[in-house]
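> what follows is a predicted structure for the sequence shown.
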Amino acid sequence: MEFKRSQDSKQNDDLNDIITFVAGSVAHLPEVKLDKLIYIAHLYHYASFGEVLTKTRFFSLSFGPHAPTVRSSVKRLVEKKSVFLKASRTSSDPVYSNPCLIIRAGEPAGRGDPSVPPSPALKEVTADWGDKPYETVLEYAARTVPFLSTPYREPIDLTLSPPHHSLAHTLSLPQRIFIHRFVEAPEMPVDQPGALCREAPLSIPEVAEIYLAAHGERPDRIPSREALGFDLPSVFRVVDEEGGKNRSRPGKSRDDVETAARIADTLISALSFRSLSARVALKAGMFFLRKKGYCFHGDALEEDWPGGSSYEVIKEWFGQVSLRVDTQQESC
């Protein structure tokens, strides 16, 4: 019992130190923004160092990732005078502004010294997002893969996949819009610069966005609670192993069609996206081919669904519906 109290106390201290650091680094900090910045800091830290920043539990909720303990920690810090609450407004225009409370760091004597030096991830997060409006921070947090892959109201477990830069990467709005259009009409041309990222053969955020599009979500809105949740480890395995094999052996790489079939076959077998697994898997294979310079005549999937789910059938189907064309290579 004593050990558990000691562990709980350390966890509270760690979170308190993070809150105090962020409060001293961000000028306009309402609690909702603090909540998301702390989540992003945990995400950055795990993606870079492969370990969790603290044991703070975040949950997948309607308005992005949320840690209930942040509010109680802020209350304790206010009582200790490490931080204080200040009345502010959401904009400089009093007609359109709403009153709110922002969190400010207290005097150095009241704060005390942090128990541990701030993580480089914390400094990176405050530099990247500290001056951004809450809506922009929320849009990013609600499009991160760990949040999207966690069912509604369940705790977000960053360790479900190995640390990887893609965990902290999200797609731009033009890229999301392109993917949603592609899911509806794979034959469409690329008509906007930067919409098709060719840096990687296929990324986890792209597969996640294909799923959201197939689920009927919008690219410019926070996904609905019904759409949240898919098997992240299997998706990571497909993208890392299948895509990696295709690009890691020059002169001996798989045929593009074979790789697309492997991607689709593995996602289908793992039931990564529940009832939408087959559709998302085939669209993911098609999107991989699109990025490799292939095109499709009409909506191949809607007009000619594969006649089976075996790897050989899927491979033959990809070979029939796709055509390699010359394209101008685009960069992200």
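Thanks, I have it.

> how many other residues sit next to residue 118?
17 (other C-beta atoms under 10 Å). Glycine gets a C-beta too; all of them are placed from N, C-alpha and C.

> would you confirm that it contacts residue 20?
No: using C-beta atoms under 8 Å, residue 118 is not in contact with residue 20; the gap is 9.5 Å.

> name whatever forms a beta bridge with residue 104.
residue 84 (DSSP bridges).

> for residue 66, same thing?
Counting by DSSP bridges, the residues bridging with residue 66 are residue 59.

> report the contact partners of it.
By C-beta atoms under 8 Å, 6 or more residues apart in numbering, residue 66 lies in contact with 35, 39, 58, 59.

> for residue 186, same thing?
When contacts are counted by C-beta under 8 Å, 6+ apart, residue 186 touches 283, 286, 287, 290, 296, 299, 300, 301.

> okay, it and residue 315: tell me how far apart.
18 Å (C-beta to C-beta, to the nearest Å).

> cool, residue 289 as well?
Residue 289 is 12 Å from residue 315, where distance means C-beta to C-beta.

> of those two, who's got more company?
A direct count of neighbours by other C-beta under 10 Å for residue 289 and residue 315 places residue 289 higher, at 25 against 21.

> contact partners for the more buried one?
Taking C-beta under 8 Å, 6+ apart, we find residue 289 in contact with 256, 257, 260, 318, 322.

> for the record, mean pLDDT for the helix or strand where it lies?
Applying DSSP states H and E as the criterion places residue 289 in helix 277-291. Averaging pLDDT along helix 277-291 gives 94.

> would you mind measuring from residue 275 to residue 205?
In terms of C-beta to C-beta, residue 275 sits 22 Å off from residue 205.

> settle it for me: which of these two has more neighbours?
Using other C-beta under 10 Å as the criterion, residue 275 and residue 205 rank with residue 205 on top: 22 against 8.

> my guess is that one meets residue 170, correct?
Yes: at 5.9 Å, residue 205 counts as touching residue 170 under the criterion of C-beta under 8 Å.

> so what's in contact with the two at the same time?
residue 143.

> now the strands for the stretch 1-150 of the chain?
59-61, 64-66, 83-89, 99-105 (DSSP state E, counting those that start in this stretch).

> next, format those as TSV and append mean pLDDT.
Output for those, formatted as TSV (pLDDT from 0 to 100):
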stretch	mean pLDDT
strand 59-61	97
strand 64-66	97
strand 83-89	86
strand 99-105	85
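
> re earlier: which of the contacts of residue 289 lies closest to residue 154?
residue 260 (31.6 Å; C-beta to C-beta).

> show me what contacts the closest one?
285, 286, 288, 289, 318, 322.

> make a markdown table out of these and add distance to residue 158.
Putting the contacts of residue 260 into a markdown table (distance: C-beta to C-beta, whole Å) gives the following:
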| residue | distance to residue 158 |
| --- | --- |
| 285 | 28 |
| 286 | 30 |
| 288 | 26 |
| 289 | 31 |
| 318 | 34 |
| 322 | 36 |
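
> what's the closest of these to residue 201?
Distances from residue 201 to the contacts of residue 260, taken by C-beta to C-beta, are shortest for residue 288, at 5.9 Å.

> any idea how far the closest one is from residue 314?
Residue 288 is 13 Å from residue 314, by C-beta to C-beta.

> quick one: which of the contacts of residue 289 is most hemmed in?
residue 260 (31 neighbours).

> that one: which element?
helix 256-270.

> got the buried residues for that helix?
By 16 or more other C-beta atoms under 10 Å, the buried positions in helix 256-270 come out as 256-268, 270.
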